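> structure, please.
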Amino acid sequence: MNKINYLLAIMPLALSLTVQANSTHLNTVSDELVSQQRAALAHNTKNKGFGPQSPRDIDAVVGTNTIDFGTAPAYETMNLCNIHFHKNAEHTGGQFTQYAGNGDGQGYQSGYLYSGKLTAQQLQPVSKNVCPSKHGGLQSGDTIEVHYVHSSAQIKPGATLGACLSESIKNPQLRVETQVYVLVNDNNALNFTQLTLVGEQNEQYQALNLPNNTGKPVVYSGSTTGPSYNEVGSPFQVTWSVRPEVAKVNIDTIAQWCESNEFNEDHAHGVRNLITNHELLSPIK
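Sure, this is the predicted structure:
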């Protein structure tokens, strides 16, 4: 093949790669913008009395935030008030350490991914739209972080974190039991509708099948999360319990859950930038 024919042959491939690169570039913000968001968070919380923030690296114990509040009781003695999930893990550590990238600066396409291996069958794409939204849906191989939120208030499970508050107690203790899952095309994997099944035990609302075999949870003091707090501090005090190991979930079952659940959840939430400022982190003991 002469040089001209060779160039003609590779031009379509080169054009395709250029389009993909440009598309990725357009959808991904720069490191500089993320740094600016971190700087704004530091400025907007400095000397304001904000308590420790979330999410964090659960493998890093260092934190110098001096605001101390009581650890919430064990989740078994609290009421489950809400279940929701984020696309990609908000926390990092354990088996979810692969950075997804800066994303769009609004909490989407960022966060952390399952760092283990999956088979070709587990990664086989599904043809249906799974939990679709304007930010995209879910696909085989995607990582999600599920928040099982518990409250010390006498409430019933419901939509949004507002379900965790009551007319009687506006500042209940909050605990988030956290599990990271990876979605797989495998009928033998865990069933998400079962993992989020709610019932009453000992007069408390509970997630009846919350995993207890994904490693010893890392417990620390933090806050609520979500990208709306990328540049401002969260004023809520939360006890976090983050399991370090990832469990595999059948993607078809989360598709079913998104179509109908008592929390009115139908898509993944965005992620907050990882908190790296030691002044905004509690020490993990």
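> scan this protein for its longest strand.
Counting by DSSP state E, the longest strand found in the chain is strand 174-184.
> note down every partner strand of that strand and its orientation.
The strands that strand 174-184 pairs with in its sheet are strand 143-151 (antiparallel), strand 238-242 (parallel), strand 247-250 (parallel) (by DSSP bridges).
> now tabulate those in JSON lines and tack on distance to Ala207, mean pLDDT and mean neighbour count.
No exception for glycine: its C-beta is placed from N, CA and C like everyone else's. Below are the strands paired with strand 174-184 laid out as JSON lines (distance: least, Cβ to Cβ, whole Å; pLDDT from 0 to 100; neighbours: other Cβ atoms under 10 Å):
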{"stretch": "strand 143-151", "distance to Ala207": "5", "mean pLDDT": "98", "mean neighbour count": "25"}
{"stretch": "strand 238-242", "distance to Ala207": "13", "mean pLDDT": "98", "mean neighbour count": "24"}
{"stretch": "strand 247-250", "distance to Ala207": "14", "mean pLDDT": "98", "mean neighbour count": "20"}
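> want to throw the ones you listed into JSON lines with distance to Gln95?
Formatted as JSON lines, the strands paired with strand 174-184 follow (distance: least, Cβ to Cβ, whole Å):
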{"stretch": "strand 143-151", "distance to Gln95": "10"}
{"stretch": "strand 238-242", "distance to Gln95": "12"}
{"stretch": "strand 247-250", "distance to Gln95": "10"}
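> for Pro52, find the nearest of the ones you listed.
strand 238-242 (9.3 Å; Cβ to Cβ).
> what's the closest one in contact with?
The contact list for strand 238-242, computed with Cβ atoms under 8 Å, 6 or more residues apart in numbering, reads 54, 58, 71-72, 75, 91, 93-94, 173-178, 217-224.
> that older thread, out of the strands paired with strand 174-184, nearest to Pro132?
Closest among these, using Cβ to Cβ: strand 143-151, at 14.5 Å.
> helix or strand: which one has Tyr220?
Using DSSP states H and E, Tyr220 maps to strand 218-222.
> name the element the nearest residue to Leu123 once chain neighbours are set aside belongs to?
Excluding the flanking residues, the one nearest Leu123 by Cβ to Cβ, 6 or more residues apart in numbering is Gly141, at 4.8 Å. Using DSSP H and E, Gly141 falls within no helix or strand.
> show the contacting residues for Gly141.
118, 122-123, 182-184.
> doesn't Ala42 belong to a helix?
Yes. Assessed with DSSP: H, G, I helix; E, B strand; the rest coil, Ala42 lies in a helix.
> correct me, but it touches Asn277?
Yes. Between Ala42 and Asn277 there is a contact at 5.6 Å, judged by Cβ atoms under 8 Å.
> where do the helices sit along this structure?
3-27, 31-45, 192-195, 251-259 (DSSP state H).
> worst average pLDDT in these?
Here the lowest mean pLDDT among the helices of the chain goes to helix 3-27, at a mean of 36.
> hang on, the earlier thing: neighbour-wise, which one of the contacts of Gly141 leads?
Of all those, the most densely surrounded is Leu183 (30 neighbours; neighbours counted as other Cβ atoms under 10 Å).
> just to revisit the earlier point, what's the closest of the contacts of Gly141 to Cys131?
Nearest member of the contacts of Gly141 to Cys131, counting by Cβ to Cβ, is Leu183, at 9.8 Å.
> skip the chain neighbours and tell me the closest residue to that closest one.
Once flanking residues are discounted, Leu183 sits nearest to Ile251: 4.2 Å by Cβ to Cβ, 6+ apart.
> likewise for Tyr148?
In space, Tyr148 comes closest to Glu177 once its chain neighbours are excluded; the distance is 4.2 Å by Cβ to Cβ, 6+ apart.
> any low-confidence regions in the stretch 151-285 of the chain?
Residues of the stretch 151-285 of the chain meeting the criterion pLDDT under 70: none.
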